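Q: Based on what follows, work out the 3D shape:
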Amino acid sequence: MSVLIVNYNAGDLLSEAVAAVLDNALPLDIIVSDNGSTDGSLERLEARHGSDPRLRVLRNGANLGFAGGHNRALPWADAPYVLFLNPDCIVGPETLTQLLDFMAATPEAGMAGAIVRNPDGSEQKASRRRIPDPWVGLVRFLHLDRLWPKLLAGKRLNLMHTPLPTRPLMVEAISGSLMLVRRRALEEVGPLDEGYFLHCEDLDWFVRFRNAGWPIYLVPAAEVRHHQGACGLSRPFAVEWHKHKGMARFFRKFQFRDYPLPFSLLVLLGIWLHFGAFALLEGGRRLPRLLRQR
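A: Sure, this is the predicted structure:
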């Protein structure tokens, strides 16, 4: 397999993520696509693993985003399977073998993911999930479920409340932090949509894969530790901006026409009102610090 990692100031986690992949005896190569990091993470990586012929570094010189960074590295990857891995994800000793074995045994599978865990071992929120339902999102944003609990009828986007599956199963969505993709499916579906910068490009891909007849599977025996948000901890406002922009793009692209126009416009309004509420709260937290600095 070819392993693609987009790095943007991931710190020491980048070297740890690469080390965990290189510890495998599988025939593989790693392409690190660096989006103009300034924290020394790339220099530390090259000092630690630069002599390993399986590692190649692509310096983009600017932040191209998640999709742009991966798409820039894709021409460098020529293996029949491509693993899209976050720089803050540490794969387990058997994770890659388990995923490859599953894909080899399931030729109809277009993509496979693993159970994603927090550093403390608990299951991460986005490890098992569904494609976002705009009705669920709008009801929760307006807190209508508090007034009428039956409105959602038990619908949830994240499936952590359900028992962990004991065998691989077809799912709507996996975590975008680790996606093993069959090259033949990738060539048919196309690369990530660079209209997204940081969030929702994985959801876009999941829909496109399924629409093209390439199902997505979760392999519960395979696990990865994800130090979520390592690349965006210092930029919460920018992260939320790109997240909400991505949500709006995803809804317009795949769901807008499935609902009456007033409802679709209300969903888009809800997305940006939600961002506005976050911006006000974030500004309220930062203002006292700025005043103290003066």
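Q: So the residue nearest to W76 when sequence neighbours are not counted: helix, strand or coil?
A: Spatially, and ignoring its direct neighbours in sequence, W76 is nearest to I31 (4.8 Å; Cβ to Cβ, 6 or more residues apart in numbering). Where C-beta positions appear, they are placed from N, C-alpha and C, glycine not excepted. The local conformation at I31, judged by DSSP: H, G, I helix; E, B strand; the rest coil, is strand.
Q: Over to L58?
A: Assignment for L58 (three-state DSSP): strand.
Q: and A104, what helix or strand is that in?
A: helix 95-105 (DSSP states H and E).
Q: per-residue confidence at H70?
A: On pLDDT, H70 comes in at 97.
Q: looking at it, it is touching L4, isn't it?
A: Yes - under the criterion of Cβ atoms under 8 Å, H70 makes contact with L4 at 5.5 Å.
Q: Mutual contacts of the two, please.
A: S33, F84 (Cβ atoms under 8 Å, 6 or more residues apart in numbering).
Q: hmm, back to that, contacts only, for the residue nearest to W76.
A: Counted by Cβ under 8 Å, 6+ apart, I31 has contacts S2, V3, L4, I5, R56, V57, L58, A73, W76, A77.
Q: Please report how far the last one lies from P93.
A: So that's A77. A77 sits 23 Å away from P93, taking Cβ to Cβ, to the nearest Å as the criterion.
Q: Which of these two has more residues huddled nearby?
A: Per other Cβ atoms under 10 Å, whichever of A77 and P93 has more neighbours is A77, with 22 against 10.
Q: ok, the more buried one - contacts?
A: By Cβ under 8 Å, 6+ apart, the residues touching A77 are S2, L4, D29, I31.
Q: Pick out whichever of those residues sits closest to S177.
A: When those are compared for distance to S177 (Cβ to Cβ), L4 wins out at 12.5 Å.
Q: so what's that closest one up against?
A: Counting by Cβ under 8 Å, 6+ apart, L4 touches I30, I31, S33, H70, A73, L74, A77, V82, L83, F84, L85.
Q: Next: A248.
A: Per Cβ under 8 Å, 6+ apart, neighbours of A248: L268, I271, W272.
Q: in what helix or strand does it lie?
A: helix 236-254.
Q: Show me what counts as buried in that helix.
A: Neighbour counts over helix 236-254 (16 or more other Cβ atoms under 10 Å) mark 239-251, 253-254 as buried.
Q: Next: stretch 32-42.
A: V32, S33, D34, N35, S37, D39, S41, L42.
Q: Could I get the average pLDDT for that stretch?
A: On average, the pLDDT along stretch 32-42 is 96.
Q: Could you dump the buried residues of stretch 32-42 into CSV with secondary structure added?
A: Formatted as CSV, the buried residues of stretch 32-42 follow (three-state DSSP):
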residue, secondary structure
V32, strand
S33, strand
D34, strand
N35, coil
S37, coil
D39, coil
S41, helix
L42, helix
